[in-house]
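[1] Fold the following and give me the result.
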Amino acid sequence: MMNDMMPTIEEAITPDIEAQLEHEEWERGQEERDRWGAVEAEHGPLLTAKEWAQHCKDLNKWFGDGTCK
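    Predicted structure coming up:
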C-alpha cells in the first residue's frame, strides 16, 4: 500500500536533475564514439557503405524468409 504513495521518478525529477542526467548520457555516448573513431582511424571502417547496404539487404531477406521463426 505504501508503494502506491511513493512518487515516481517522473514526478520527483527537477529540470536541473533531468538536464544533468541527459548530459551524463551524452558524455557516455561521446566517449564511445571517440573510442570507435580511434579504432576506425587505425584499422579503417568495419564495412563500406556498399557492404553495409548488402548486409542490410541480406538480413532483411533472411528475416523475410522466416529463418528465425
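
[2] so where's the protein shaky on pLDDT?
    Counting by pLDDT under 70, the chain has low-confidence residues at 1-4, 7, 9-10, 67-69.

[3] right, and the helix or strand after whatever helix or strand residue 19 lives in?
    Assigned by DSSP states H and E, residue 19 belongs to helix 15-43. Later in the chain than helix 15-43, the nearest helix or strand by DSSP H and E is helix 49-64.

[4] any idea how far the residue most central in space within the chain is from residue 45?
    Most central in the chain under Cα atoms, centre = their mean is residue 29, positioned 8.2 Å from the mean C-alpha point. Note on residue 29: its distance to residue 45, by Cβ to Cβ, to the nearest Å, is 19 Å. Quick note: C-beta positions are derived from backbone N, CA and C, even for glycine.

[5] before we move on, what about residue 24?
    29 Å.

[6] try residue 54
    For residue 54, the distance to residue 45 - Cβ to Cβ - is 14 Å.

[7] if we can go back for a sec, how far out from the middle of the chain is the helix holding residue 19?
    11 Å (Cα atoms, centre = their mean, to the nearest Å).

[8] what about residue 39, how many neighbours?
    12 (other Cβ atoms under 10 Å).
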